[in-house]
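Participant: I'd like to go over a predicted model; first the sequence, then the structure.
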Amino acid sequence: MAKRLFGTDGVRGTAGQYPLDPKTIHALGMALGSVARHLGPKPEIVIGMDTRESSPWMAGQVAGGLKEAGVGVRFAGVVTTPGVAFLTHTDSFVAGVMISASHNPYRDNGIKVFGHSGYKLPDEEEHAIEGETFRLLKGGVDAVPVEFSVDEGLDRRYVDKLLSSISTRFDGLSVVLDCGNGAASHLAPELFRRAGAEVRAICCEPDGRNINLNCGALYVESLHRAVLESKADVGVAFDGDADRAIFVAKSGRIVDGDAVLLIAARELRAAGRLAHNLVVATVMSNLGLEKALERDGMRLTRTAVGDKYVLEEMLRSGAALGGEQSGHVIFTDYSTTGDGMLTALKILETVARTGLSLDELTADLKTFPQMLVNVRVREKKKLSDLPSVAKEVRECEAALGASGRILVRFSGTEPLARVMVEAADPRQVEEFTARIASAIKREIG
């Protein structure tokens with residue numbers, strides 16, 4: 001059965017509009033509370049939020065629904081998504097709720113729910129909450145929010161836990177942090193100063209509407225300039241809820257999630273902690289990462305796009321490291337979800353321990369030229385049902401051999417076919433992308 005509220009990353013939408021209108025959010029809180037009542041004698045749920053102007057009233061509505069269902073609530077205030085996952089898992093909370101739309105603009109928002117395990121809820125529990133939400137809405141809901149005060153000790157515990165994950169201090173390292181005017185704005189500068197780094201913090205002045213606005217992990221231009229101006233050793237950019245991180249090397253080179261996975265894999269393997277010599281990434285990770293890992297005797301397993309699928313494969317295969325090119329990186333020894341601040345700590349720890357720069361640590365990572373083209377389509381069909389497209393893909397793959405990759409997939413949210421070609425020869429990349437995209441346009445464009 002298809003879910004009607006929950007997507008791959010919680011409930012998402014425009015704040016104030018269905019499904020993120022006050023009544024639906026309140027009903028969702030009540031529904032979550034009705035499930036939570038069966039999980040303990042005095043169930044309690046922790047709520048955290050990012051810096052969007054809509055986050056406080058949404059948190060208040062979730063809390064109002066929980067209270068109406070007889071469930072206790074504690075507020076962590078502005079904290080990161082992985083911070084909520086950590087608190088849910090390590091305390092007596094039966095669940096955790098994060099109000100955030102991650103890297104999206106401020107008008108959007110979302111509700112992410114974690115179980116006591118620290119992982120997002122399984123599909124069957126999301127189905128149950130959805131069913132109860134719609135039942136409550138049908139009967140009528142009074143959307144009365146709860147006024148709340150923040151428990152200041154909760155985010156302190158999270159920062160302390162992050163610090164305990166490193167054994168090398170960052171004394172002498174100069175770091176620029178771009179917090180995207182988001183959830184990491186007050187946490188990240190403190191964390192890295194406590195670790196010994198000399199910190200310059202930018203985009204740490206949230207006003208409710210500037211989260212992810214031309215800053216953070218999706219827009220690294222400001223960080224790039226700041227690193228070069230400051231002659232800093234490392235730059236780190238977080239997204240709105242700080243579950244991802246993108247780096248800038250001293251030279252100004254952008255170090256994405258693929259490069260981070262290579263650095264982390266080598267570090268874990270040297271310590272004897274890279275289970276099965278395996279790294280999990282998505283189909284979008286560059287072929288250069290796969291080749292670099294192979295040269296070092298490590299393997300790469302690919303999943304569909306989405307950190308949810310990466311984590312599922314990591315848990316299935318017992319992998320200790322996985323992530324996405326976009327900067328979501330998961331260390332299962334330390335966290336149940338992608339954590340941008342944890343990732344930054346582990347990468348800076350490698351820099352501090354080895355005395356090598358990010359440029360030196362990734363010098364042998366040869367990124368293959370890659371092109372991604374979106375083709376608007378009138379319908380979505382299997383590749384096998386599109387003879388001319390399948391023919392072009394077969395011929396192009398045969399021409400590339402082991403020196404390239406072709407990926408054709410449909411968007412999960414838009415009427416688009418995505419064509420990605422990756423190869424050592426940039427001329428082949430352009431030619432084969434055009435050939436496959438043209439065939440798709442002819443068949444279903």
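Facilitator: Yes, it's here. Numbering: from 1, shown residues only.
Participant: which parts of stretch 330-347 are buried?
Facilitator: Within stretch 330-347, the residues that qualify as buried are 330-332, 334-347, counting by 16 or more other CB atoms under 10 Å. Every C-beta, even on glycine, is put in place using the N, C-alpha and C of the backbone.
Participant: could I get the full set of strands for the stretch 101-250 of the chain?
Facilitator: 108-115, 174-178, 198-202, 234-238, 245-249 (DSSP state E, counting those that start in this stretch).
Participant: which helices and strands sit right next to the last one?
Facilitator: Secondary structure elements in contact with strand 245-249, counted by 3 or more CB pairs under 8 Å, 6 or more residues apart in numbering; DSSP states H and E, are helix 221-230, strand 234-238, strand 254-255, helix 257-270, helix 340-354, helix 358-361.
Participant: the residue lying closest to residue 295 once chain neighbours are set aside: neighbour count?
Facilitator: Using CB to CB, 6 or more residues apart in numbering and skipping residues adjacent in sequence, the residue nearest residue 295 is residue 364, 7.8 Å away. Other residues near residue 364 number 12, with proximity taken as other CB atoms under 10 Å.
Participant: what do you get for residue 272?
Facilitator: For residue 272, the neighbour count with other CB under 10 Å is 7.
Participant: using the three-state scheme, assign it.
Facilitator: Here residue 272 is recorded as coil under DSSP: H, G, I helix; E, B strand; the rest coil.
Participant: need phi/psi at the residue nearest to residue 295.
Facilitator: The phi/psi pair for residue 364 (degrees, to the nearest 10) reads phi -90, psi 10.
Participant: pLDDT score for it?
Facilitator: Looking at residue 364, its pLDDT stands at 95.
Participant: for residue 384, same thing?
Facilitator: The model's pLDDT for residue 384 equals 83.
Participant: excluding chain neighbours, what is closest to it?
Facilitator: Closest to residue 384 by CB to CB, 6+ apart is residue 390, at 6.2 Å.
Participant: isn't there a helix covering the one you found?
Facilitator: Yes: assigned with three-state DSSP, residue 390 falls within a helix.
Participant: residue 436 versus that one, what's the distance?
Facilitator: For residue 390, the distance to residue 436 (CB to CB, to the nearest Å) stands at 10 Å.
Participant: tell me which of these two has more neighbours.
Facilitator: With neighbours defined as other CB under 10 Å, residue 390 and residue 436 compare such that residue 436 has more, 26 against 17.
Participant: was I right about the more buried one contacting residue 409?
Facilitator: No: using CB atoms under 8 Å, residue 436 is not in contact with residue 409, being 11.8 Å away.
Participant: I'd say residue 27 and residue 65 touch.
Facilitator: Yes: with contact defined as CB under 8 Å, residue 27 counts as touching residue 65 (6.4 Å).
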